[in-house]
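Colleague: Sequence first, predicted coordinates after that:
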Amino acid sequence: FSTIPERYDEIYLRLSRQGARVLALGHRSLGVLSNQQLREQYPTRNSVECNLDFCGFVVLSCPLKPDSKAMIRELRHSSHH
């Protein structure tokens, strides 16, 4: 993003700790371009997705399953590092 809101980290961390999936949305104008011009001027995904204006968060409810804590503990103590 070209700028990040003051409480960006605080907000997305709080929401994700509550079990939500948090996506940040941004946009920028590329002007009026044909498909060919778009491919030539912005050959990579990174070249298109830089300097975006932050629009907000999309927050999807993704509650933790009741046994998630126990499963994470079990995985940590197993040999699956």
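Modeller: Nice, I can see it.
Colleague: C-alpha from now on. contacts and neighbour counts both.
Modeller: Noted.
Colleague: Any idea how many residues pack against residue 38?
Modeller: Neighbourhood size, residue 38 [other CA atoms under 10 Å]: 14.
Colleague: Now do the helices in this structure.
Modeller: With helices called from DSSP state H, the chain shows them at 8-17, 35-41, 45-48, 68-77.
Colleague: can you pull the buried residues of the first one?
Modeller: It refers to helix 8-17. Applying a neighbour-count criterion of 16 or more other CA atoms under 10 Å, the buried positions in helix 8-17 are 12, 16.
Colleague: Low-confidence bits of this structure, can you list those?
Modeller: Scanning the chain for pLDDT under 70 picks out the ranges 80-81.
Colleague: Give me the most central residue, it.
Modeller: For the chain, the residue lying nearest the average C-alpha position, counting by CA atoms, centre = their mean, turns out to be residue 23 (3.9 Å).
Colleague: State the distance from that residue to residue 51.
Modeller: In this structure, residue 23 and residue 51 are 17 Å apart, going by CA to CA, to the nearest Å.
Colleague: rewinding a little: need the helices of the chain in a markdown table (columns: distance to residue 27).
Modeller: Formatted as a markdown table, the entries for those read as follows, by distance: least, CA to CA, whole Å:
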| stretch | distance to residue 27 |
| --- | --- |
| helix 8-17 | 16 |
| helix 35-41 | 16 |
| helix 45-48 | 10 |
| helix 68-77 | 35 |
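Colleague: looking at those, which is closest to residue 29?
Modeller: Proximity to residue 29 (CA to CA) singles out helix 45-48 among those, at 9.9 Å.
Colleague: what does the closest one contact?
Modeller: In this structure, residues lying in contact with helix 45-48 by CA atoms under 8 Å, 6 or more residues apart in numbering are residue 42.
Colleague: same deal with stretch 57-68?
Modeller: Counting by CA under 8 Å, 6+ apart, residues outside stretch 57-68 touching it are 15, 18-25.
Colleague: swap the cut-off to 6 Å and go again
Modeller: Contacts of stretch 57-68 with the rest of the structure, by CA atoms under 6 Å, 6 or more residues apart in numbering, involve 19-25.
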